[in-house]
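[1] Return a 3D structure for these sequence lines:
(chains A and B)
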2 protein chains.
Amino acid sequence: MIDELIGKIKETGNPTVVGLDPRLDYIPAFLREASYDRFGKTLEGAAQSFLDFNKAIIDEIHDLVPAVKPQVAMYEQYGAEGIRAYIDTIRYAKSKGLVVIGDIKRSDIASTAEAYSDGHIGQVDVDGQAHTVYREDFITLNPYLGVDSIEPYLGNCDRFGKGLFILVKTSNPNSGEFQDLLVDGRPLYEIVGAKVEAWGEKLLGANGYSSVGAVVGATHSQQGIELRKLMPRTYFLVPGYGAQGATAEDLAGCFNKDGLGAIVNSSRGIIAAYTKKEYKADFSEKDFAKAARQAVIHMRDDLNRVL
Amino acid sequence: MIDELIGKIKETGNPTVVGLDPRLDYIPAFLREASYDRFGKTLEGAAQSFLDFNKAIIDEIHDLVPAVKPQVAMYEQYGAEGIRAYIDTIRYAKSKGLVVIGDIKRSDIASTAEAYSDGHIGQVDVDGQAHTVYREDFITLNPYLGVDSIEPYLGNCDRFGKGLFILVKTSNPNSGEFQDLLVDGRPLYEIVGAKVEAWGEKLLGANGYSSVGAVVGATHSQQGIELRKLMPRTYFLVPGYGAQGATAEDLAGCFNKDGLGAIVNSSRGIIAAYTKKEYKADFSEKDFAKAARQAVIHMRDDLNRVL
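    Next up, the predicted model:
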């Protein structure tokens, strides 16, 4: 799967992944009202407005970016109806040729991890009838439980051509509370990073990168540079650009000299661009998806400036 | 919420939580077939058989145990239909007076954690219309991202009378890979444990325990004893008894002298009791729920033997 992602990054000349993390606050009133007219102010009404919003954004950006990253929490909070919108968003994005990174950050012991793995990136069996359920191309995982909590995903990555991004150093302000603790003089995130690099050895693609990637927050630029050296074959999923405060310069060190090695996420900065003052003059609420397209172009150019 | 859990533990004289982690392998053929007759071998067919199975078990055990712990992965793997069965299981368990611990092990940065928190233990707002969605009483969380990933849950615990169990030392064989790493001579899980104890200070109940609990695997008995000392006000959710290999003696150290301080999970050992040789002679497949009841009685007596 990493080769497919890299192929799309090269094709679009754009190492950007658009975070599809809708909030009702970001959904234009006309879209919300259309959904409430059909379903009321219900969980289904909220979920349908997310799906309508995502489809319009995907229609405008699918030729410009390699991938989208729906954050499952935004959907999961609305129950079964939300999960349905998450799944339908994934299907729509894939129908437009996008690589889909499911931001699920799951973590559990082996027998339970198998269930997540089969549901998200494999197949579930109902007495001889196989079903593919979520269909993400990549998913994110949390490593705190150790290798036996990761192994159940590696088999499905191999069998179904999927990939992972495992949390190494996250973008949030307190990520250092545990991740930066020193173990024999070495921060924990480096130890996790070295393990992630090792776990990926059996899933190397033709491009020399592994389908087992790492989440490395752009808000910690020096740590990105160090991890880039420590994990030469690991692709980085880099959150924190834009709304979380990181600049293109901050995250340049997550890339290799060939311009590969990282894909940078922006969520609010793109999908809610129409609410921001730099786009408001040119784009009305009706044109929210066109504003997202313009924000993608700005981000692409900003990233390419430093690569 | 911790006071309600402790009240139920005292009332039943049983510090057991039954893990509702169904697998199709455990569902008696007659139940599966009844569900497939209605829905086919679909995701809905699988999910409905889980719900029917859970309801029968709950009917037989609700007077004997304080709580149940559905593992969301088992349901989530079947998509929106699975999530619906998860939610319906929670509602049914609560209607029978059980405390429900949602084993979700979520982890994410603050803005995303808010969505999980509102959906699972708070309320979501759809343009002025409030919805309570999952309705667990407690949920499990993963601490790798640090305190700002936990804070969004603490507010809802306070406001809605809910609780948490945060992973400290997990029961799986490789849990030590990161959790046992030494930081200035102290294992990481102890550092996490001390933080969990501190995070719970504002949520102390009348019994002296906090609504912020910890997951401490029974498979590591010495570590349970050490954590019990380090975290006097933290209730422990203890997985690993039975199918994962821990005995009552192994986990006795997770309890305080008053017999409180821990609640022990068993999943397969109870819900799949009818498949095990010690119950097969007395219980047919039709009597799977009665076998679960007998297994609960055996576990209760086994735990009380060492307390």
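
[2] show me the contacts for A:Tyr92.
    Neighbour list for A:Tyr92: A:51, A:54-55, A:58 [criterion: C-beta atoms under 8 Å, 6 or more residues apart in numbering or on different chains]. The C-beta positions use only the backbone N, C-alpha and C, and glycine is treated the same way.

[3] now what about whichever strand or helix holds A:Gly213, what contacts it?
    Assigned by DSSP states H and E, A:Gly213 falls within strand A:210-216. Residues outside strand A:210-216 that contact it (C-beta under 8 Å, 6+ apart): A:1-2, A:138, A:140, A:154, A:157, A:162-170, A:193, A:196-197, A:199-201, A:203-205, A:223-224, A:227, A:231, A:233-239, A:254, A:262.

[4] Mind giving me the ChimeraX select for these, buried ones only?
    The buried subset of the contacts of strand A:210-216, as determined by 16 or more other C-beta atoms under 10 Å in any protein chain shown, is captured in ChimeraX by this line:
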select /A:1,2,138,140,154,157,162,163,164,165,166,167,168,169,170,193,196,197,199,200,203,205,223,224,227,231,233,234,235,236,237,238,239,254,262
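
[5] Please list which of the contacts of strand A:210-216 also come close to chain B.
    Near chain B, judged by C-beta under 8 Å from any C-beta of the partner chain, the entries from those are A:167, A:170.

[6] how far does the strand holding A:Gly213 sit from the chain's center?
    Offset of strand A:210-216 from its chain centre (C-alpha atoms, centre = their mean, to the nearest Å): 11 Å.

[7] again with stretch A:197-215
    17 Å.

[8] A:Pro239: what's it in contact with?
    A:Pro239 sits next to A:19, A:170-171, A:215, A:217-218, A:265 when contact means C-beta under 8 Å, 6+ apart.

[9] Wait, A:Gly102 touches A:Ile139, no?
    Yes: with contact defined as C-beta atoms under 8 Å, A:Gly102 counts as touching A:Ile139 (4.5 Å).

[10] who touches both of the two?
    By C-beta under 8 Å, 6+ apart, the residues touching both A:Gly102 and A:Ile139 are A:His120.

[11] what are the phi and psi values for the most centrally placed residue in chain A?
    In chain A, the residue lying closest to the centroid (C-alpha atoms, centre = their mean) is A:Lys69, at 3.5 Å. For A:Lys69, the backbone dihedrals are phi -130, psi 90 (criterion: degrees, to the nearest 10).

[12] How much space separates it from chain B?
    Separation of A:Lys69 from chain B (C-beta to the nearest C-beta, to the nearest Å) stands at 12 Å.

[13] Whatever helix or strand A:Gly7 lives in: which residues count as buried?
    Element membership for A:Gly7, per DSSP H and E: helix A:2-12. Residues of helix A:2-12 classed as buried under the neighbour-count rule (16+ other C-beta under 10 Å) are A:2-6, A:8-9, A:12.

[14] now the residue nearest to the centre of chain A, which residues is it bridged with?
    Judged by DSSP bridges, the bridge partners of A:Lys69 are A:Gly19.

[15] Contact partners for it?
    A:17-20, A:100-103, A:237, A:265, A:267.

[16] picking up where we left off before, mind picking the two most distant members of the contacts of A:Pro239?
    Farthest-apart pair in the contacts of A:Pro239 is A:Gly19 and A:Thr170; separation 14.4 Å (C-beta to C-beta).

[17] What distance separates the opening and closing residues of stretch A:142-149?
    9 Å (C-alpha to C-alpha, to the nearest Å).

[18] What of stretch A:138-152?
    14 Å.

[19] Quick check: buried residues in that stretch?
    Buried-residue list, stretch A:138-152, by 16+ other C-beta under 10 Å: A:138-150, A:152.

[20] and which of the buried residues of helix A:2-12 is nearest to A:Ala130?
    So of the buried residues of helix A:2-12, ranked by how close each gets to A:Ala130 (C-beta to C-beta), first place is A:Glu4, at 22.4 Å.

[21] quick one, phi psi at the residue lying closest to the closest one once chain neighbours are set aside?
    Ranked by C-beta to C-beta, 6 or more residues apart in numbering or on different chains and with sequence neighbours excluded, the top spatial neighbour of A:Glu4 is A:Val99, at 6.3 Å. Phi and psi for A:Val99, reported as degrees, to the nearest 10, are phi -80, psi 140.

[22] Ok, A:Arg159 next?
    According to degrees, to the nearest 10, A:Arg159 has phi -70, psi -40.

[23] was I right about it contacting A:Gly122?
    Yes: with contacts counted by C-beta under 8 Å, A:Arg159 reaches A:Gly122, the gap being 7.0 Å.

[24] between those two, who's got more neighbours?
    A:Gly122 (24 against 11; other C-beta atoms under 10 Å in any protein chain shown).

[25] For that one, give me its contacts.
    Per C-beta under 8 Å, 6+ apart, neighbours of A:Gly122: A:132, A:156, A:159-160, A:162.

[26] Thought A:Leu24 was touching A:Ser49, still the case?
    Yes: judged on C-beta under 8 Å, A:Ser49 makes contact with A:Leu24 at a distance of 7.2 Å.

[27] tell me, what's touching the two both at once?
    A:Arg32.

[28] Tell me if I am right that A:Ala130 is in a strand.
    Yes: counting by DSSP: H, G, I helix; E, B strand; the rest coil, A:Ala130 is part of a strand.

[29] where do the strands sit along the stretch 151-300 of chain A?
    Using DSSP state E, counting those that start in this stretch, the strands of the stretch 151-300 of chain A run over A:163-169, A:182-183, A:186-187, A:210-216, A:234-238, A:262-266.

[30] for the record, mean pLDDT for the last one?
    Computed over strand A:262-266, the mean pLDDT rounds to 97.

[31] The closest residue to A:Pro66 other than its chain neighbours: what's it in contact with?
    Using C-beta to C-beta, 6+ apart and skipping the chain neighbours, the partner closest in space to A:Pro66 is A:Lys8 (3.4 Å). With contact taken as C-beta under 8 Å, 6+ apart, A:Lys8 is in contact with A:66-67, A:97-99.

[32] how about a cut-off of 10 Å?
    By C-beta atoms under 10 Å, 6 or more residues apart in numbering or on different chains, A:Lys8 lies in contact with A:14-15, A:65-67, A:97-99, A:263.

[33] Please apply the same query to A:Phe50.
    Shown in contact with A:Phe50 (C-beta under 10 Å, 6+ apart): A:20-24, A:26-27, A:31-32, A:35, A:70, A:74-75, A:78, A:81-82, A:85-86, A:88-89.
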